[in-house]
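1. Pasting the sequence and the predicted model now:
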Amino acid sequence: MKKIKISINCLAASLSRCLPFRSLLTKEGRAIVTTIFLTVLFSFPLLAKAEMQLSASVDKETVAINDTVKLTITIQSSNRVKDPVIPQMKDFNVYSSGQSQNITVINGRFSYSLSFSYVLTPKLPGKAQIPSIVIFEGNKKRFTSPINIEVVKQNSAAAWQRGSKAETKQTAKAPKARAPKTDKLIFLTAKTDKKSAYVNEQINLSLKFYTALPLISNPQYSAPKLEGFISEDLPPIGNGQVSIKGRRYYYNEIKTALFGIDEGAGIINPATINAQIQSRPETLSNSDFFQSFFSRRRGENKQVKSPRLKIKLMALPQKGKPASFNGAVGNYKISATLERTNVKAGEAVNLLLTISGQGNLKTITMPALPEMSNFKIYDTVTSLSVNKTNDIIGGKKVFTTIMMPRISGDYKIKPIKFSFFNPKTKTYKEIKTKPLNIKVAKTEAMASATDYYQSSNGEYSQIKTISNDIHYILENKKTPLSLKLARKTASALWLNFTFLLILTAAVSFAYINGLRLKNPALLKSKKAYKKSLKAISEAGNLAKEGKYSNAVSLLHTSLNAYLSAKLPNTARALTIKKIIAGIKENNPDINPKDAEELKTLSDELEMLRFAPSSLDNEKIDALARKYEKTLKFFEKELK
Amino acid sequence: MAFFIFALLPVYAHCASKSANTPADAEASSFSKATQDKTADMPAVAAPAKADKLYKDEKFDRAFKIYKRKNIAEPDNPYTLHNMGNCQFRMNNYGLSVLYYAKAFNLLPRNADIRHNLKFAMNQTGQKLIQDGTPVLLHKLFYFFALSELKAMTYIVFWILCLLLSVAVLKRDIRTKIWPPFIYLIAVFAVFFIWGATRADSRFENAAVIMESDTPILSGPGKNFKTYASLPAGRIVKISDIPGSAYIQIGLPEEGLQGWVEKTAFKKI
């Protein structure tokens, strides 16, 4: 590193001499410019390669034949990558032992860090190689470098010998048995930890390969075909020695975790192991196993199979199933955090939802988020870390959801619910996160252009709108009085007709009044008859009271008034002769006899007015009838 | 002249009442039918404060039910309709939110919140409250009074005119004094009359909101007629009802489209 730094400084010094306008710059200035130039120049290839970093490493480069190698593939990328493609290895059997994903989002940029672990068991001693492993980053292929491993036999043989000697001591006193059949000396067993399980509940399958015969090479294992299960390897491979019925066996154990997919029967078909054994089998107790194992390569092929197993897969109970249940089985915990609790509106913030515990985390989906209307929710990315401690699949799954607050304010994100079925207690359980608080501040580029806010340094800046929303509810408001009155008024159509009637009445009254004012004589003439009839009636009443003189006076006055009303001029100044003459003049068609009769009536009334002693009821009554008859006649004639 | 206008008044009143009276009453009855089952378990007197709190707690569905109850009891309250629109908007039912905002706007068009929310909801459904080229101030002025208010003011001016005319007819000596205010009132009456008549034919009167996405516009009142366009949810259309028919004639004046849609596809404002 120091050498590189010195080289860069030398290069900078020589480059600064070539700079244009170097005379304008000081010595320090030239050094700074040159250093910046070189930094940029050298960082281009680094930036280009920064897209993806891939490495494969092993925990040991020399391994005993009966030992395992741990292979770790580490990937760092800014893009989403696929799982590594493990090729068929001629020198090793490969078992997956877990994976770990870590996804970070900074300023909207994703960064993936993945780690895949494998356990490798060597097949043969000697020089072995882990070939290049392919990783796909989109359509691009990336390769790891091949890794050379040396497989040795010493440790294994020594270990074996130690075990062998101990075993020999234990079995020394045992009677020497007859050489049994090959099937009993080499066989494969399959066992599960449970015969029935709920869907998605973990079942551990153990396949054990026993051999009491020396093997020429490591056996070739073919995994069983599974029907109704998804599987997960449970490394490392176990091995050791065991004594069965007085015979010493060397065994290898492969464990697999199974998860039922659907209710019904799950089938584990036979696993197969192909092994090369010596043509003349010798029991392990009689010779050094590995000495013969590796020294004599000639032998015969032997295939052993495990039994076929059937597992009952039960459906999850319907009773007590929470609404938030989405198929998770196991035992989990949930937590949620916000990367930042103080943000500005329009800035992205990550909500990290972590589900951890025991169970098949791969099948767990993102729980539903509560309603967050003031946030824009973007995609969710998931990272998964699986561990297999004590042969139990578990780990944690982190859902990273990118959110963007739209409006400033203090918000509370409600608890996020997650539920699972615990096969141990056979009950459902709903768990939830704690509510999260977030403070969203206004941004410089927010709100309308007419509003202003004061920044920390006291300057006023313009605020720009970045998003809009509906206005809040109008709380507890009553109907405006003006609106109520308006609706009542508008519905009172009948009032329009009332006012129209008032107007009509006024117009009618004015019309009549106008007529009266225009021709008062005519109106007087029309009223005269009614007045005369009224006078006749009153005269009758006066006669009944014995006031004969008054009755006659009334009739006389009434007649004069009637006659004067029928003439344009007033009758007060006229004699009865002149009145009759005037009537005749205005009405030439009138009968002279009738006019004379009128005169006679007038004279009679005049005379009786001054001779009241000769009056009685009958006479008054006769006069009244005569007067009435005359009036009717004249009304008819004088129209 | 005055008698000619007076003769027209009942006709105007009929047109205006078709627009101003019907929606609230019809809405109340339709709500009571629609919510008979759903809100049967709710208290008879809905508490608006409770609904406000539910809204604040983002329980929009429950808040909406209480607002709906309040709307049935008090159909003329524009604020309740506004809040109902808010609930539907928050539940992403933009069609229903436009419907309730439009109802609230018809009742109280000068309220800034109602206007803003209607404009916002219309924008969400690809519509504009103010057509291009229309001055905002003119639009606000035109929609300052509710149609019922315009109608009421027209009536009141008419009543005053009737009384003034009656006095003028009866009292000859004060006719000259009455004449100037009478002329002024005639002008006011004419303004309100024309304004109300225009509003009675405006965009939100005798109109409906399309409730279903891709509602087909048919060329006739039946399924066998050709579909020549489709409407998005939340679209405001003018309607011309044909009683007894399963279809209704709609018009889109801006696009110059006219056709028939099923009556189940929209809700009347």
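-> Arrived safely. This structure is a prediction, so every number in the text was calculated from the model and none was measured. Residues are numbered from 1 along each chain as shown, chains lettered A, B, ... in the order given.
2. low-confidence ranges in the chain?
-> Picked chain A for this. Low-confidence segments of chain A (pLDDT under 70): A:1-51, A:80, A:102-110, A:154-181, A:236, A:279-298, A:443-467, A:567-574, A:637-639.
3. ah, I was thinking of chain B
-> Ranges of chain B meeting pLDDT under 70: B:1-47, B:242.
4. Do a quick rundown of the strands in it.
-> Secondary structure of chain B (DSSP state E): strands located at B:207-210, B:215-218, B:227-231, B:236-240, B:247-252, B:257-262, B:266-268.
5. contacting residues around A:K140?
-> Taking CB atoms under 8 Å, 6 or more residues apart in numbering or on different chains as the contact definition, A:K140 lies against nothing. To be clear about C-beta, it is placed using only N, CA and C from the backbone, and glycine gets the same treatment.
6. likewise A:E61?
-> Counting by CB under 8 Å, 6+ apart, A:E61 touches A:147-150.
7. let's see it at 10 Å
-> When contacts are counted by CB atoms under 10 Å, 6 or more residues apart in numbering or on different chains, A:E61 touches A:69, A:147-150.
8. of all the strands of chain B, which lies closest to chain A?
-> Checking the strands of chain B against chain A by CB to the nearest CB gives strand B:207-210 as the closest, at 16.4 Å.
9. Tell me the strands beside that closest one, with direction?
-> strand B:236-240 (antiparallel), strand B:266-268 (antiparallel) (DSSP bridges).
10. Return the alpha-carbon coordinates of that strand using CSV.
-> Coordinates of each C-alpha in strand B:207-210 appear next as CSV, following Å, rounded to 0.1, in the frame of the first residue of the first chain:
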residue,chain,number,x,y,z
ALA,B,207,-76.6,15.0,-13.8
ALA,B,208,-75.2,11.6,-12.6
VAL,B,209,-71.9,10.0,-11.8
ILE,B,210,-70.9,6.8,-13.5
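11. What lies in contact with it?
-> Applying CB under 10 Å, 6+ apart, the set of residues contacting strand B:207-210 from outside is B:19, B:23, B:94-103, B:106, B:121, B:125, B:217, B:230-239, B:241, B:248, B:250-251, B:261, B:263, B:265-269.
12. returning to that earlier point: return the members of the contacts of A:E61 classed as buried.
-> By neighbour count, with 16 or more other CB atoms under 10 Å in any protein chain shown, these hold A:69, A:147, A:149 as buried.
13. phi, psi of B:D132?
-> Torsion angles at B:D132 (phi, psi; degrees, to the nearest 10) stand at phi -60, psi 130.
14. how deep is it tucked in, by neighbour count?
-> Residues near B:D132, counting by other CB atoms under 10 Å in any protein chain shown, number 6.
15. now A:E596
-> Counted with other CB under 10 Å, A:E596 comes out at 11.
16. and the helix or strand where it lies, what does it pack onto?
-> Assigned by DSSP states H and E, A:E596 belongs to helix A:592-610. When contacts are defined as 3 or more CB pairs under 10 Å, 6 or more residues apart in numbering or on different chains; DSSP states H and E, helix A:592-610 sits against helix A:548-565, helix A:576-586, helix A:617-637.
17. hey, which of those helices is tucked in deepest?
-> Neighbour counts (mean count of other CB atoms under 10 Å in any protein chain shown) averaged over each of the helices and strands packed on helix A:592-610 peak at helix A:548-565, with a mean of 21.
18. Where do the domain boundaries of chain B fall?
-> Here the domain parsing of chain B from automatic domain parsing is B:35-142, B:207-268.
19. which stretches of the stretch 101-250 of chain A form helices?
-> Counting by DSSP state H, counting those that start in this stretch, residue ranges of the helices within the stretch 101-250 of chain A are A:154-171, A:182-185.
20. for chain B, that is, sorry about that
-> With helices called from DSSP state H, chain B shows them at B:2-20, B:22-34, B:48-56, B:60-73, B:78-90, B:94-107, B:112-124, B:136-142, B:147-170, B:175-199.
21. what's the offset of the longest one from the middle of its chain?
-> How far helix B:175-199 lies from its chain's middle: 26 Å, per CA atoms, centre = their mean, to the nearest Å.
22. One more: the fifth one?
-> Chain-centre distance of helix B:78-90: 15 Å, with CA atoms, centre = their mean.
23. swap in the third one?
-> Taking CA atoms, centre = their mean, one finds the center of helix B:48-56 at 26 Å from the center of the full chain.
24. before we move on, the earlier item: I'd like the helices and strands packed on helix A:592-610 laid out as TSV, including distance to A:I355.
-> Below are the helices and strands packed on helix A:592-610 laid out as TSV (distance: least, CB to CB, whole Å):
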stretch	distance to A:I355
helix A:548-565	117
helix A:576-586	123
helix A:617-637	116
